[in-house]
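Novice: Structure of the sequence below:
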Amino acid sequence: MPARNLKTSLLTHQGRLEAACALGVETLGLLGVALPDPGDQAALGQAIGAAFGAYQQALGDREVASLRDLPPMTDPAQLALVNTLAVMIAAAFQANPNLMALAVLTAVRLPLLHGTAPVSPFIYALYGVTHHLATGDYERAYRFGQLALDLAARPEHVAARGGTKFVFAALVSPWARPPWEGYPHFEQQWSRPSMSAIR
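Specialist: Residues are numbered from 1 along each chain as shown. Alright, predicted model coming up:
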């Protein structure tokens, strides 16, 4: 799958966002995860509702911070899946917000089942955005952002660090804290490896 994910990244950088999304969905299908057609917004909306409810049920009463203690993800198939979702998110963020939300909700549940992946901090930060948009619960969204930062500080998550800090500073923190609290993360994210390292 790395070659297909590289092609998705190249299409994204070329501004061919719909093609990147379509290729990402196709690759996910090869990995056994069927998402709706990216152009079918009604189907995407229904899938988002189901995925959001499933994640809340899976979390139950678990404290957000306790997700830091999940074991690492080691299954190659699951690593390929979460990496494919992460790569597609960059295009979907710009061109298809519903597809992005569904990709995030699909990816964020994987650690509960298979452990924490190298890209999981980025996914948790994006889930913070998704959570506050869906619920208006900015404090819980912020806790997911804090979880993302805590995990991103670990050496094994260095490839996701820059993207995580950007999402936290730009899209999570300002809803729950004064905006200047996020400024250091903007500055730090430029010195971190790119999410393009994820394949």
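
Novice: Would you point out which residue is most central in the protein?
Specialist: residue 123 (2.6 Å; C-alpha atoms, centre = their mean).

Novice: Is that residue within a helix or a strand, and which one?
Specialist: Assessed by DSSP states H and E, residue 123 sits inside helix 120-135.

Novice: Now find how far off-centre that helix is within its chain.
Specialist: Taking C-alpha atoms, centre = their mean, to the nearest Å, one finds helix 120-135 lying 7 Å from the centre of the chain it belongs to.

Novice: And stretch 130-145, by the same measure?
Specialist: For stretch 130-145, the distance to the chain centre is 14 Å (C-alpha atoms, centre = their mean).

Novice: can you pull the buried residues of it?
Specialist: Buried residues in stretch 130-145, defined by neighbour count with 16 or more other C-beta atoms under 10 Å: 130-132, 134, 138, 141-145. C-beta coordinates here come from the backbone N, C-alpha and C atoms, glycine included.

Novice: which phi and psi does residue 72 have?
Specialist: Backbone dihedrals for residue 72, given as degrees, to the nearest 10, come out at phi -70, psi 150.

Novice: For it, which residues are in contact?
Specialist: 115-117, 156 (C-beta atoms under 8 Å, 6 or more residues apart in numbering).

Novice: if you set the cut-off to 6 Å instead, what comes out?
Specialist: Contacts of residue 72 were listed using C-beta atoms under 6 Å, 6 or more residues apart in numbering, and they are 115-116.

Novice: if we can go back for a sec, elements contacting the helix or strand following the helix holding residue 123?
Specialist: Under the assignment DSSP H and E, the closest C-terminal helix or strand after helix 120-135 is helix 138-152. In terms of contacts (3 or more C-beta pairs under 6 Å, 6 or more residues apart in numbering; DSSP states H and E), helix 138-152 is packed against helix 120-135, helix 161-167.

Novice: Dump those helices to TSV, plus distance to residue 16 and mean pLDDT.
Specialist: What follows is those, written out as TSV (distance: least, C-beta to C-beta, whole Å; pLDDT from 0 to 100):
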stretch	distance to residue 16	mean pLDDT
helix 120-135	22	95
helix 161-167	21	90
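
Novice: Including distance to residue 176, could those helices go into TSV?
Specialist: What follows is these, written out as TSV (distance: least, C-beta to C-beta, whole Å):
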stretch	distance to residue 176
helix 120-135	8
helix 161-167	14
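
Novice: Tell me which of those helices approaches residue 10 most closely.
Specialist: Of all these, the one in closest proximity to residue 10, counting by C-beta to C-beta, is helix 161-167 (17.7 Å).

Novice: Residue 105 is in contact with the residue nearest to the centre of the chain, correct?
Specialist: No - in this structure residue 123 lies outside contact range of residue 105 using C-beta atoms under 6 Å: 9.7 Å.

Novice: Now for those two: what residues contact both?
Specialist: With C-beta under 6 Å, 6+ apart applied, the contact sets of residue 123 and residue 105 do not overlap.
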